[in-house]
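Novice: Okay, sequence plus prediction incoming.
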Amino acid sequence: MLPLLASLLVAPASAGDAPAALPKATVGQPAPDFALKDLTGKEVKLSSFAGKTVVIEWFNPGCPFVVYAHGEGPLKDQAKTATGGGVVWLAVNSGAPGKQGNGLELNQQATASWGMTHPVLLDETGAVGKSYGATTTPNMYVVDPKGTLVYAGALDNAPLGKADGAPVNYVNAALADIAAGRAVSTPTTKPYGCGVKYGS
């Protein structure tokens, strides 16, 4: 089980309420729990996936880096391959209302266009994104079956398909290390992409 209390879950914010502060995510420590609604209105809790490896992808369908990654880049099939092997994949959109990539209909259209089958979770207050320190889209995180955050950073070393040296997919490498029972060899990298469109 994830070693977190239910009190750490994000409570729905009432009009005028400031979003509740969450613990800060730190690689090597328990991943902060959260609860967000997907594009169908269903609540998804990170803690419900205890015992499984979870990938969390910060998402913005209006970001050129995300458009490339899902349209012709590695995210075209990476999530499907991972989930086929038992990994849970969650996308989180922390864009505030009125910002690029925000909006239920736009996200529904994008996920249908790209054939995405994993949940896209809406974090309009930005509370979860700020808790995890998400700065770009995509910004990737991997949580191991014990609930520990074991990777945070870039998807790969190839923004828009242009690799810096030999191509390395950091997320796939982390998943391979976990599957083999090894410590993740590269636990942090510098993320790239568009800035997350927080409200403040």
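Specialist: Perfect, thanks for sending it. Keep in mind it's a predicted model, so treat the numbers as computed, not measured.

Novice: how close does the residue nearest to G199 when sequence neighbours are not counted sit to S113?
Specialist: Spatial nearest neighbour of G199, excluding adjacent residues (Cβ to Cβ, 6 or more residues apart in numbering): A96 at 3.1 Å. C-beta: built from backbone N, CA, C; applies to glycine. According to Cβ to Cβ, to the nearest Å, A96 stands 23 Å off from S113.

Novice: re the thing from before, let me know the pLDDT of the residue nearest to G199.
Specialist: pLDDT recorded at A96 is 96.

Novice: what about it, is that helix, strand or coil?
Specialist: coil (DSSP: H, G, I helix; E, B strand; the rest coil).

Novice: ok, how many other residues are close to it?
Specialist: A96 is flanked by 16 other residues according to other Cβ atoms under 10 Å.

Novice: Identify the residues contacting the nearest residue to L104 once chain neighbours are set aside.
Specialist: Sequence neighbours aside, L39 is the residue nearest to L104 in space, at 6.3 Å (criterion: Cβ to Cβ, 6+ apart). L39 makes contacts with L104, N107, Q108, T111, P119, V120, L122, as judged by Cβ atoms under 8 Å, 6 or more residues apart in numbering.

Novice: so V120 makes contact with N107?
Specialist: Yes: taking contacts as Cβ atoms under 8 Å, V120 lies within contact range of N107: 5.4 Å.

Novice: Now for the two: what residues contact both?
Specialist: The contact lists of V120 and N107 share L39, N93, where a contact means Cβ under 8 Å, 6+ apart.

Novice: Might one say that the residue nearest to G199 is in contact with G103?
Specialist: No: with contact defined as Cβ under 8 Å, A96 does not reach G103; the gap is 10.8 Å.

Novice: can you tell me the helix or strand for A110?
Specialist: helix 104-113 (DSSP states H and E).

Novice: and the next helix or strand after that helix, what does it pack onto?
Specialist: The C-terminal neighbour of helix 104-113 among helices and strands, as given by DSSP H and E, is strand 120-122. Applying 3 or more Cβ pairs under 8 Å, 6 or more residues apart in numbering; DSSP states H and E, one finds that strand 120-122 makes contact with strand 35-38, strand 88-93, helix 104-113.

Novice: relative orientation of the longest one and strand 88-93 in degrees?
Specialist: Here helix 104-113 runs at 140 degrees with respect to strand 88-93, directions being taken by axes from the mean of the first three to the mean of the last three Cα atoms, to 10 degrees.

Novice: For helix 104-113, which residues meet the burial criterion?
Specialist: L106, N107, A110, T111 (16 or more other Cβ atoms under 10 Å).

Novice: export it as PDB, just CAs?
Specialist: Extracted in PDB, the C-alpha atoms of helix 104-113 (Å, rounded to 0.1, in the frame of the first residue of the first chain):
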ATOM      1  CA  LEU A 104     -13.000  19.000 -21.500                       C
ATOM      2  CA  GLU A 105     -14.000  19.000 -25.100                       C
ATOM      3  CA  LEU A 106     -10.500  19.800 -26.400                       C
ATOM      4  CA  ASN A 107      -8.900  17.000 -24.300                       C
ATOM      5  CA  GLN A 108     -11.600  14.500 -25.400                       C
ATOM      6  CA  GLN A 109     -10.900  15.400 -29.100                       C
ATOM      7  CA  ALA A 110      -7.200  15.100 -28.700                       C
ATOM      8  CA  THR A 111      -7.300  11.700 -26.900                       C
ATOM      9  CA  ALA A 112      -9.700  10.300 -29.600                       C
ATOM     10  CA  SER A 113      -7.500  11.700 -32.400                       C
END
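
Novice: Cool, thanks, talk later.
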